[in-house]
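Quick one, structure for this:
(2 chains)
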Amino acid sequence: MNIKTLVLIIINSLIVLVIALLSFSFYEQFSSVLNDRILMQLNSIEALESIQIENLVKSEWESFASSEEYKEDIDSTLVLSDSIKNINGIHDFTPYHKDKKATIGFVLNSKKGRKIKVIDYSNIQNILLERTGMGESGETYLVGEDFRMRSESRFLPDKKPYDIAVKTEGVISALKGVNGRGIFKDYRGVPVYSVYSLIQISNLKWVILSEIDVSEVTKPLEKLKMRLMALTLIIFLVAVTLSLFLTRIIVNPIKNMQNSLRVMAKGDYNQTIEYKKSSNEIKEMFEALSNLKASLQGAVKFSEAIGNMNLETNYEPSSTNDVLGKSLLTMRNKLIDYKNKEDDSRIMAKRLLVNGLENERRRLSRELHDGLGPYLTSLKFYIENNVKDELKKTEMKKIVDEAISEVRLMSNALMPASIDDFGIGVTLTNYIENLNKSTNINIEYEDLTKQEDSNISNHQGINLFRISQELINNSLKHSKAKNIRITLSEFDEFISLFYFDDGLGFDMNSVKLGSGIINIKERVEICNGSILISALPGNTTFEIELPIEL
Amino acid sequence: MNEIKLIIADDHELFRIGLAELLKKHDDIKIVKSVADGVELMDALNSGLNADIVLLDLTMPNMDGFQVLKGIKSLNANIKPIVISMHSVGNYIAKCAKMGAYGYLLKNTDESELVFAIRNVYKGKKHFSAEISEKMINFMSTQSVSENVLSRKEIEVLGLISKGLTTKEIAAKLFVSTRTIETHRTSILKKFEVKNTAELIKKATEINLI
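This is a model prediction of the structure:
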């Protein structure tokens, strides 16, 4: 389940629950208060009317009792038995009425005679009609002992009260002498709030009931219910909208981040992360992601650099726990070690190769010079001693001399014996002196090496000689230079070979591999030296420096 | 006429034989000994062998010609060495001359010059042919053998410093690297026992060096 649905469900069900609970308890509270209020109201109305009726009847009785007029003041509609007439007191004459009209009558038998009177029932009816505070459906009515109504019904005005049977819970209970209140069905079968009590005056035994329809009372409750439901619905809708909005605020950045992380997981660290600064946490989260990205990018760049063998690149681990950074650093150090070892062994191999080459040249040079040379001189002596023909002798000697000088040239070209016997300074002097004889270029050489106890090793000497040879060769072949200046200086710490020509110069990048520059660089490298080349037209210089190795 | 007593020192037997054969024709030259290396020669001389001239090869096993020249000089004997070598370059010649050789011959020297040289040296003269002399002089002329406190180069650098040139300018002018000039400058300061250029120029002016 995704986070959006989860947040929606949790938030909204919580809200619905709270609203439902609140509404329910509010409703309950309200309805119970309403019940109490209604019943109290009814109670007071009922009590008031019951007292009014009692007072009315009693005052009527008193005036009747005190009257001296003895007569049976009844009309023909009333048929009274003698047994009734003999009982003094207040009577309910309704059963004796021809039309069963509610009637209350007084009977008094004294020594002076018999008095009978029927009181004006409309007074009672008026009291009952007082309906203040009873609402639409409220009414107060009287019921006789025979469970028949003694007052007009509001709802059934056309029916005779006597014909309406009221055998409800309240009437039964009141006739038993228990006054009270309650909700039950009235004579119409409609649920009502009812307060009932017994009115017992003399022989009169009636029940008075004040009632109001439950439906009317609960009308505001229904309204409230509807309102509460509407409110609940509105709140629910608002909550859903808000939570949708909220989840968007929360979920969108998360989704965004999820995408970013997904892209990063695929190894692409170059995406740009865009975000809305909707909250501090999200902002910080994205900043953290950016930091992560930056540090990963750093690591990637670093590993790219060391992958390209740019081993001088450095990397700051982002923290002491930056395992990736640390292992990359370890890798770089290992690579540096490896490269150094490789460089060392490469230089060593080159040195061995060059030394082997030079040794071979030396051997060949010596072989020519000291091996072949003496034979040729011996041959010359032989000719001198044994050839009698003077002309032939001269001719032969000339040929041998040429052979000897050729051997000398070859030997010198291979490796001048001077290097071993006199060192590089002198050898270069000789070499350049010879060259000056055979070329048009003006080569000036300045030898500033130490004549006695020079510290230039034989190995360095040979390489310096070869480098000079190569440089001069290049100048002669390619540069069209008119002047070459070479200075070889020896100091306590280093040897400096400075080479200058005023030729065309060359492009460092496009210079042909065969042109000897590589050779020169390699020789400088195997001597642990450094070289600085500036190839400007008219001013080409090579600065070569070798350390003095003691 | 006195006989010239001669020793031949060369590691090539064929050469020795050839040379001996050649010199045999001349009655005034007598070869008293023929040795293959310097050790053998020095042994012979030490054992009291009397000789006027030794024809000395430079490249020999065990003990080469230069060492022999040194040995003879310290021996204080009368024997006069003539170097006969395959090497035709000036520095060899100059070195031999410096070390006491009376003559320098190339191995392919003609008989006439060889004999002439032997006789010349025997008379107490030094023999360096025109060709050999030229080579030697050419070499020596390019050699800087300044024994002064300051080397020739250092004086040059000092002169340029006093003219107010920067290290870079001096380097370009003298065809050396800037580091070379820096080193020269440091060396000059050290030799003059001064701390900076101003003091250096003051001191150099005082002793009329610039």
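
Could you use CA atoms for every contact and neighbour count after this?
OK.

what's the helix or strand hosting A:Arg363 packed up against?
Using DSSP states H and E, A:Arg363 maps to helix A:323-366. For helix A:323-366, the contact count by 3 or more Cα pairs under 8 Å, 6 or more residues apart in numbering or on different chains; DSSP states H and E identifies helix A:280-307, helix A:390-414, helix A:517-526 as packing neighbours.

Any chance of CSV for those helices, columns mean neighbour count, mean pLDDT and distance to A:Asn55?
Shown next, in CSV, are the helices and strands packed on helix A:323-366 (neighbours: other Cα atoms under 10 Å in any protein chain shown; pLDDT from 0 to 100; distance: least, Cα to Cα, whole Å):
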stretch, mean neighbour count, mean pLDDT, distance to A:Asn55
helix A:280-307, 16, 82, 81
helix A:390-414, 17, 90, 160
helix A:517-526, 18, 88, 139
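
Can you dump the C-alpha atoms of stretch A:427-443 in PDB for me?
Provided in PDB are the C-alpha atoms of stretch A:427-443 (Å, rounded to 0.1, in the frame of the first residue of the first chain):
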ATOM      1  CA  THR A 427      85.000  14.400 -25.700                       C
ATOM      2  CA  LEU A 428      82.400  17.000 -26.600                       C
ATOM      3  CA  THR A 429      85.200  19.500 -27.300                       C
ATOM      4  CA  ASN A 430      86.800  17.000 -29.800                       C
ATOM      5  CA  TYR A 431      83.500  16.000 -31.300                       C
ATOM      6  CA  ILE A 432      82.400  19.500 -32.000                       C
ATOM      7  CA  GLU A 433      85.800  20.600 -33.300                       C
ATOM      8  CA  ASN A 434      85.600  17.700 -35.800                       C
ATOM      9  CA  LEU A 435      82.100  18.700 -36.700                       C
ATOM     10  CA  ASN A 436      83.000  22.300 -37.300                       C
ATOM     11  CA  LYS A 437      85.500  21.100 -39.900                       C
ATOM     12  CA  SER A 438      82.900  19.200 -41.800                       C
ATOM     13  CA  THR A 439      79.800  21.600 -41.600                       C
ATOM     14  CA  ASN A 440      79.000  25.100 -42.500                       C
ATOM     15  CA  ILE A 441      77.100  25.700 -39.200                       C
ATOM     16  CA  ASN A 442      78.900  27.500 -36.500                       C
ATOM     17  CA  ILE A 443      78.900  25.400 -33.400                       C
END
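
State the mean pLDDT of the helix holding A:Arg363.
Helix A:323-366 comes out with an average pLDDT of 88.

For it, what is the distance to the chain centroid?
Offset of helix A:323-366 from its chain centre (Cα atoms, centre = their mean, to the nearest Å): 51 Å.

next helix or strand past that helix?
Next element after helix A:323-366 (DSSP H and E): helix A:373-386.

can you tell me if that next one touches chain B.
Yes - counting by Cα under 8 Å from any Cα of the partner chain, contacts between helix A:373-386 and chain B involve A:373-375, A:377-382, A:384-385.

mind checking the SS state of A:Thr140?
Assigned by DSSP: H, G, I helix; E, B strand; the rest coil, the conformation of A:Thr140 is strand.

I figured it hits A:Asn126, correct?
No - using Cα atoms under 8 Å, A:Thr140 makes no contact with A:Asn126, being 10.9 Å away.

tally of neighbours for the residue in the stretch 1-150 of chain A positioned nearest to chain B?
Of all residues in the stretch 1-150 of chain A, A:Ile3 sits closest to chain B, at 72.4 Å by Cα to the nearest Cα. By other Cα atoms under 10 Å in any protein chain shown, 12 other residues sit near A:Ile3.

Of the helices and strands packed on helix A:323-366, give the one that comes closest to chain B.
When the helices and strands packed on helix A:323-366 are ranked by distance to chain B, counting by Cα to the nearest Cα, first place goes to helix A:390-414 at 6.3 Å.

what about that closest one, distance to the chain center?
Taking the mean of its C-alpha atoms, helix A:390-414 sits 94 Å from the chain's own mean (Cα atoms, centre = their mean).

which strands and helices sit next to that helix?
Using 3+ Cα pairs under 8 Å, 6+ apart: helix A:390-414 touches helix A:323-366, helix A:373-386.

quick check: angle from the longest one to helix A:517-526?
Orientation check (axes from the mean of the first three to the mean of the last three Cα atoms, to 10 degrees): helix A:323-366 against helix A:517-526 gives 100 degrees.
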